[in-house]
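>>> test case, fold it:
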Amino acid sequence: MPDNQTQQMGWKENLKYDLVANLMYGYLAFCGIFTKYLFAGSEKAMELDNKQRVIYAFWHNQQVFLLYPYRKKGKISVLVSKSKDGEYIARALPKFKMEAMRGSTSRGAYTALRGLMDIAEKGYNPAITPDGPRGPIYQAHSGIIYLAQKTGLPIIPAGVACSKKFAVNSWDKFQIPLPFGKCALVYGEPVWVGEADDLEEKRKTLTSILNEATAKARGLVA
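As a prediction, this is how the structure comes out:
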């Protein structure tokens, strides 16, 4: 269902976004086919991922690495910013059998979190880049912690690294995969957030687990 932002665009702008989204899909699918994927890390996280709804967490600059291997995971809804760059990703997601939930946990946070809680109630697995959309890089915001507390779902932290990639000139050095390499996905220990938990301490814990998982993923593809 198109959102208001999409409906307000002219046909030329819509055509541009659709064209780029199709090119993104084609390129990332090509890379996915010719990439060797390695899965490692927490057995508990993998077990939870296979049997119940969860909240996926991964750093902003690693997000496109997950589109191909996660395309068969089931009902995933990814939080995507309302920026123009976010529009490209939002239109590419359905091609990977995922949905986009437009919003930000740093700007208009309440609306975004309310939307994420609604989609979780509908049976979706929310997926969030907790340092997005503007950083600081590799530092989780508290929004994902609040979401886990209110939904009761565990956060599954995923650190990802590719042996062949290039980085663009952005705040997070956004990474684009290249084909014919290795990509490691390392699950960190699940993060549960109870009603009485200290949200700031849980935020620090998630940051630490994600950074450790990313370091292990880089080691696997070095």
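
>>> relative to residue 45, how far out is the nearest residue to residue 36 once chain neighbours are set aside?
Residue nearest to residue 36 in three dimensions, not counting chain neighbours: residue 182, with 4.8 Å by Cβ to Cβ, 6 or more residues apart in numbering. Quick note: C-beta positions are derived from backbone N, CA and C, even for glycine. Distance check for residue 182 against residue 45: by Cβ to Cβ, to the nearest Å, it reads 21 Å.

>>> which one of the two is surrounded by more residues?
residue 45 (23 against 15; other Cβ atoms under 10 Å).

>>> in which helix or strand would I find that one?
helix 43-51 (DSSP states H and E).

>>> and the very next helix or strand once past that helix, what does it pack onto?
Counting by DSSP H and E, the next helix or strand C-terminal to helix 43-51 is strand 55-57. Under the contact criterion of 3 or more Cβ pairs under 8 Å, 6 or more residues apart in numbering; DSSP states H and E, strand 55-57 touches strand 125-128, helix 143-151, strand 155-162.

>>> compile the ones you listed into a markdown table and extend it with columns for distance to residue 13, mean neighbour count and mean pLDDT.
Formatted as a markdown table, the helices and strands packed on strand 55-57 follow (distance: least, Cβ to Cβ, whole Å; neighbours: other Cβ atoms under 10 Å; pLDDT from 0 to 100):
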| stretch | distance to residue 13 | mean neighbour count | mean pLDDT |
| --- | --- | --- | --- |
| strand 125-128 | 26 | 25 | 96 |
| helix 143-151 | 29 | 22 | 95 |
| strand 155-162 | 31 | 26 | 98 |
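
>>> right, and these - which one's nearest residue 59?
strand 155-162 (7.6 Å; Cβ to Cβ).

>>> so the closest one versus helix 43-51, what angle?
100 degrees (axes from the mean of the first three to the mean of the last three Cα atoms, to 10 degrees).

>>> run the chain-centre distance for strand 155-162.
Distance of strand 155-162 from its chain centroid, counting by Cα atoms, centre = their mean, to the nearest Å, is 9 Å.

>>> now stretch 192-205
20 Å.

>>> please point out which parts of it sit buried.
193, 202, 203, 205 (16 or more other Cβ atoms under 10 Å).

>>> just checking, what packs against the helix holding residue 45?
strand 155-162, strand 182-187.

>>> what's the neighbour count on residue 14?
15.

>>> where's it, which helix or strand?
Assigned by DSSP H and E, residue 14 falls in helix 11-33.

>>> surely residue 179 forms part of a helix?
No - Residue 179: not assigned to a helix; according to DSSP: H, G, I helix; E, B strand; the rest coil it is coil.

>>> what residues are up against it?
Residue 179 makes contact with 30, 31, 33, 34, 35, 164 under the criterion Cβ atoms under 8 Å, 6 or more residues apart in numbering.

>>> please repeat the previous calculation with a cut-off of 10 Å.
27, 28, 30, 31, 32, 33, 34, 35, 164 (Cβ atoms under 10 Å, 6 or more residues apart in numbering).
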